[in-house]
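Q: When you get a sec, could you give me coordinates for this:
(chains A and B)
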Amino acid sequence: MQDSLQSSYRQLEQKSKYTNIFLRWFLYLVLILFASYFIFPLYVMIVTSLKTMEEIRQGTLLTWPSALNFDSWAVAWGGRGYGAGDTFLKPYFWNSIKMVVPAVFFSTFVGAMAGYVLTKWRFKGDKWVFLFLLFGCFIPYQAILLPMARTLGVLGISNSVIGLVLVHTVYGIPFTTLFFRNFYVSIPTELVKAARIDGAGFFKIFFKILLPISAPIIVVTVIWQFTQIWNDFLFGSTFSFGEAAPIQVALNNMVLSSTSVKEYNVDMASAIIAGIPTLIVYVLAGKYFIRGLTSGAVKG
Amino acid sequence: MFKWLEKNLPKIVMAPAVGLIGWFVYGFVLWTLYISFTNSKILPKYELWGFGQYEKLWASRKWLIAVDNLLVFTALFLVFCIVIGIILAIFLDQKIRSEGLLRTIYLYPMALSFIVTGTAWKWILNPTLGIQKLFIDWGFENFTFDWLVNREMAIYTIVIAGVWQSAGFVMALFLAGLRSVEDEIVKAAKIDGAGIFTVYWKILLPMMRPVFFTSFVILVHISIKSYDLIVALTQGGPGISTTMPALYMTQTAFHKSQVGLSAASAMMMFMAVAAVIIPYLYSELRRENAR
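A: Below you'll find the model as predicted:
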């Protein structure tokens, strides 16, 4: 009796070992299949950008280029040099930099101050003020496009990088406030109270006590804002055109322009150039990128 | 005077943020709301005109197509993102080798703009040199894949690219959720004889209810606002077959100069988003207060 029970138990164990090995293989198979689905477009973009048009027509999406040919990259970045009608990304790349840097700085600063007040200098109704700001994360921007276009016109900054800096700063504030507020909430208020008893003022407490420990949330906020603003297309395409356009708008115009034969290799090189800055940030600081995503990814 | 300043300094510092959001968010939405009740064409007019624009909107074939597309897109986008996201999160949670690398691969599309994504997928899906040619060269001679230029199917190409961009994000949300569950719960269930499937199906997934809720809200929000991806992939075409509300709004405002009508469409989008977001904010705040 005892014996037979033990042997059947052993059989069961043996069986579950095999199912386990099978499950393990299945697991890796599925994970790798999905990984190839996610990697596939990036792979196609890179190899296409390195091929000549001749190779593209003869091979398939997956064929490896015969030689590493960076010509389309040079054309995408600097053009062919025939003057009018020659669109290339370089000037628009700089437009985007000139737009992103101040917009990220201002929105982060305003958000940090707001988060500081909302958690460490609480006043009556501060919760409602927070809710008031938070709602700004969620509005569909179509509901503000028309008056924004008019406002920029009245201020004389439509179709300019300055106008886009203003737009991105304003609509970034709800997110930066959310980030800083959630971070400062977890910092013990005793720290601030003690400093106040010692006679430290509003700004001194912020710059001497809170700012030095804010590095992680500053990184999260800057990465979030940088990615959002760099990748924006709606504001860029509505409020700017021609020379003031940011890179995503220029990329879209380049790809859509149907003046001559479609050059897929140049299109792909352009797309990679427009995507590289945010990809680099993601690869270098993925942890902070994900943290921002999970706490503020309500923006589309 | 100085005392007053010192006492009110926090509020003064708070003022720019509140003022900017008050003006640029609430003020602007109210302005758009007002304009949607007027008969504005190229320039805004300020006499009230009643619900005329809304009647015109819901009688417009293009808007109905846009709403229809939005419903189809949202349903498929939600289902695929959540199913793929959960599968990847559960599988990655099994002490997988090189988990970090896989996670990086699943999530990198989130770092790209929809314009970049759209450009890449447009090339992959183009019927002459893209996937279709790949399969023909592999020996499937009659293989056709022309969804991108097919009126009936083009909307699904937007689903493919949209899911590609956002599924990894749902994976990240669920993985974080699964990791926050205490080991003891799983261990106790296993001691009681529950298999790995039972543990996930009966215990862990039901515990993920808030994560489902968050993913739902975020994905619906993304899909109502989707604009860039359509511009890059199909421009709303072929014809107007892949128009969506966001695209309708900008086209009506800036190409057709129907300011009143486009304001009405913007307000419809606003209400759709509010219907999803307000319950979400309410429950989030209640959760926070309960803590």
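Q: Can you name the residue of the stretch 51-200 of chain A nearest to chain B?
A: Residue nearest to chain B within the stretch 51-200 of chain A: residue A:121 (3.6 Å; Cβ to the nearest Cβ). In short, each C-beta sits where N, CA and C put it, glycine included.
Q: Excluding sequence neighbours, find me the nearest residue to that residue.
A: Once flanking residues are discounted, residue A:121 sits nearest to residue B:10: 3.6 Å by Cβ to Cβ, 6 or more residues apart in numbering or on different chains.
Q: and the one you found, how many residues sit next to it?
A: 19 (other Cβ atoms under 10 Å in any protein chain shown).
Q: From what I see, it and residue A:117 are in contact.
A: Yes: if you go by Cβ atoms under 8 Å, residue B:10 and residue A:117 touch, sitting 4.5 Å apart.
Q: pLDDT at residue A:15, what is it?
A: At residue A:15, the pLDDT value in this model is 63.
Q: Repeat that for residue A:8.
A: 61.
Q: Report the contact partners of the residue most central in space within chain A.
A: Nearest residue to the geometric centre of chain A (Cα atoms, centre = their mean): residue A:227, 2.6 Å. Contact analysis of residue A:227 by Cβ atoms under 8 Å, 6 or more residues apart in numbering or on different chains lists A:278, A:281-282, A:289, B:111.
Q: Does chain B have contacts with the helix or strand containing residue A:49?
A: Element membership for residue A:49 (DSSP states H and E) is helix A:2-50. Yes: counting by Cβ under 8 Å from any Cβ of the partner chain, chain B is contacted by helix A:2-50 at A:27-28, A:30-31, A:34-35, A:37-42, A:44-45, A:48.
Q: if we can go back for a sec, confidence score at the residue nearest to residue A:121?
A: Note for residue B:10: predicted pLDDT of 86.
Q: can you tell me which residues contact it?
A: Residues in contact with residue B:10, defined by Cβ under 8 Å, 6+ apart, are A:117, A:121, A:123, A:202.
Q: before we move on, the earlier item: name the secondary structure element that contains the residue nearest to the centre of chain A.
A: Assigned by DSSP H and E, residue A:227 falls in helix A:215-231.
Q: on that earlier part again, can you tell me how far the residue nearest to the centre of chain A sits from residue B:113?
A: Residue A:227 sits 9 Å away from residue B:113 when distances are taken as Cβ to Cβ, to the nearest Å.
Q: Please enumerate the shared neighbours of those two.
A: Joint contacts of residue A:227 and residue B:113 (Cβ under 8 Å, 6+ apart) are residue A:278.
Q: any chance of the contacts of residue A:227 in TSV, plus pLDDT?
A: Compiled in TSV, these are given as follows (pLDDT from 0 to 100):
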residue	pLDDT
A:278	94
A:281	91
A:282	90
A:289	79
B:111	91
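Q: Looking at those residues, which is nearest residue B:188?
A: Residue B:188 lies nearest to residue A:289 out of these, by Cβ to Cβ, at 35.2 Å.
Q: wait, doesn't the closest one sit right on residue A:282?
A: Yes: judged on Cβ under 8 Å, residue A:289 makes contact with residue A:282 at a distance of 5.2 Å.
Q: Of all the residues in stretch A:199-206, which ones are buried?
A: A:200, A:202, A:205-206 (16 or more other Cβ atoms under 10 Å in any protein chain shown).
Q: typo on my end, it should be stretch B:119-133
A: B:119-126, B:129-133.
Q: Closest to residue B:196 out of the buried residues of stretch A:199-206?
A: Nearest to residue B:196 among these: residue A:206, at 50.1 Å, using Cβ to Cβ.
Q: Let me see the contact set for that closest one.
A: Counting by Cβ under 8 Å, 6+ apart, residue A:206 touches A:113, A:116.
Q: Assumed it was part of a strand.
A: No: under DSSP: H, G, I helix; E, B strand; the rest coil, residue A:206 falls outside any strand and is assigned helix.
Q: Number of residues surrounding residue 193?
A: No chain was given, so I picked chain A. 12.
Q: try again with chain B
A: 7.
Q: Next: residue B:105.
A: Neighbour count for residue B:105, taken as other Cβ under 10 Å: 20.
Q: in what helix or strand does it lie?
A: Going by DSSP H and E, residue B:105 is in helix B:99-107.
Q: still on that earlier bit, could you work out the most separated pair of the residues of helix A:2-50 next to chain B?
A: Going by Cβ to Cβ, the pair spanning those furthest: A:27 and A:48, at 32.2 Å.
Q: who's more crowded, those two?
A: For residue A:27 versus residue A:48, the count of surrounding residues by other Cβ under 10 Å is larger for residue A:48: 27 against 15.
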